[in-house]
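with the sequence up front, the predicted model follows.
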Amino acid sequence: MPIQSLKEARSLGLIDARAETDLAPICSQFSMLVSDHWAKMMDPHDPKDPLRLQMMPDLREMENLPGDSKDPIGDRAHEPVPRLIHRYPDRALLLVTDRCPSLCRFCFRKQSPLHGEEPPFDLEAISAYIAAHREIREVILSGGDPLMLKNSQIDAIFSHLEGLGHVERFRIHTRMPITLPERVDEGFCSLIRRKKPVYIALHIDHPKELSPETLRAIDDLARAGAVLVSQTVLLKGVNADLETLTALCHRLAALRVRPYYLHHPDRALGTAHFRVSIAQGLRLYRALRRRVTPLELPIYVLDLPGGYGKVPLDTPAVCEQSPGHWRLESPLGGVFDYVDPVWEG
Ligand code: SF4
């Protein structure tokens, strides 16, 4: 069973009575949910365990920095149809669910309630919008975690959209093969064997997440013909060090997963303690580039607040004008001043 409360965490020996009391205000603001697979992998005796740090509530979640918000990347500014985000001309992102099997403490999703009705997902309206926008070449299933849907629901989305000639491929953003790998079943593998390519972007932050069950799931996806890429969030205390990132990139490439994005963390409420400064992130990234091959190197990106898109950080389009003050060119056009709230001098 997943862990959904501090009481359950205490009964499993993950926290003591004092922590159960101290963390109660955190959990009343941000939901707690840890899949049983992830719970088994956490080290109850190591407060610095990278798996524990990513899923267990922390007193530091009360601390916010200027600019931290409920909607840190401004998705809702580009939502022409409910649950369809059209931010980049050639891609449509479908928010097929708000649910995840585990809630990561660095993600704005931890603000979501665990129960209750999900807003409706109108496949007909979404399909009509995509049909009318022939510039959309890729449809991305995101959320939440799209693998919270039944296989039949995912199949219905693909079947509805693959007849549109201008849609060249699908992509699924998921953490399920890592947080609940048994979800990757034969039914799911069979539905990604289709004429149009299905890319799967796996969210993996630390080599310790690569359990035997996850390795099996990744292997099944690769054998089913999915094109596998990875997304990693740069997290202080978890993976923001050269040894961990190098090991992760090496392992992923060896598993046929192409490292794709290294995300600078979003400015979500209750996540400041996970953030390094952009300057620190860039130093780390440039050191990483000297340790891995180009095939193993992800692109280090920042999602601009306000919905202005992802900016690759290690490019001439980004420059630090004075300590902590950055000038960034959006891929969607426009130049933005960005004050890094984590700048530490
Ligand atoms: S959307 Fe992804 S990162 Fe966010 S809580 Fe869900 S699984 Fe974690």
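It's in. Numbering: from 1, shown residues only.

the stretch 201-345 of the chain: strands as residue ranges?
227-233, 258-263, 299-304, 309-312, 318-322, 325-329, 335-339 (DSSP state E, counting those that start in this stretch).

of all these, which one is nearest the ligand?
strand 227-233 (7.2 Å; Cβ to the nearest ligand atom). For the C-beta atoms, the positions are set from N, CA and C on the backbone; glycine is no exception.

could you give the angle of that closest one to strand 258-263?
Angle of strand 227-233 versus strand 258-263, following axes from the mean of the first three to the mean of the last three Cα atoms, to 10 degrees, is 20 degrees.

and strand 227-233, what does it pack against?
Under the contact definition 3 or more Cβ pairs under 8 Å, 6 or more residues apart in numbering; DSSP states H and E, strand 227-233 sits against strand 198-203, helix 212-223, helix 242-254, strand 258-263.

of the ones you listed, which is nearest the ligand?
Of all the helices and strands packed on strand 227-233, strand 198-203 comes closest under Cβ to the nearest ligand atom, at 5.5 Å.

in that closest one, what counts as buried?
198-203 (16 or more other Cβ atoms under 10 Å).

which of these come close to the ligand?
Contacts with the ligand within these, as defined by Cβ under 6 Å from any ligand atom: residue 203.

out of the buried residues of strand 198-203, who's nearest residue 28?
Nearest to residue 28 among these is residue 203, at 26.6 Å by Cβ to Cβ.

close to the ligand: what parts of the stretch 151-300 of the chain are there?
Counting by Cβ under 6 Å from any ligand atom, the stretch 151-300 of the chain sits next to the ligand at 175, 203.

find the closest residue to the ligand in the stretch 151-300 of the chain.
Closest point on the stretch 151-300 of the chain to the ligand, by Cβ to the nearest ligand atom, is residue 175, at 3.8 Å.

who's in contact with that residue?
Neighbouring residues of residue 175 by Cβ atoms under 8 Å, 6 or more residues apart in numbering: 100-102, 104, 145, 202-204.

quick one: low-confidence parts of this protein?
The model of the chain has pLDDT under 70 over residues 343-345.

excluding chain neighbours, what is closest to the residue nearest the centre of it?
Among the residues of the chain, residue 203 comes closest to the average C-alpha position under Cα atoms, centre = their mean, at 5.5 Å. Excluding the flanking residues, the one nearest residue 203 by Cβ to Cβ, 6 or more residues apart in numbering is residue 175, at 4.2 Å.

where does the stretch 1-150 of the chain come near the ligand, residue by residue?
Neighbours of the ligand within the stretch 1-150 of the chain, by Cβ under 6 Å from any ligand atom: 100, 103-104, 107, 109, 144-145.

now with 5 Å, please.
100, 103-104, 107, 109 (Cβ under 5 Å from any ligand atom).

and residue 55, backbone torsions?
phi -120, psi -20 (degrees, to the nearest 10).

for it, which non-adjacent residue is spatially closest?
Closest to residue 55 by Cβ to Cβ, 6+ apart is residue 34, at 4.7 Å.

surely residue 29 meets residue 270?
Yes: taking Cβ atoms under 8 Å as the definition, residue 29 is a contact partner of residue 270 at 7.0 Å.
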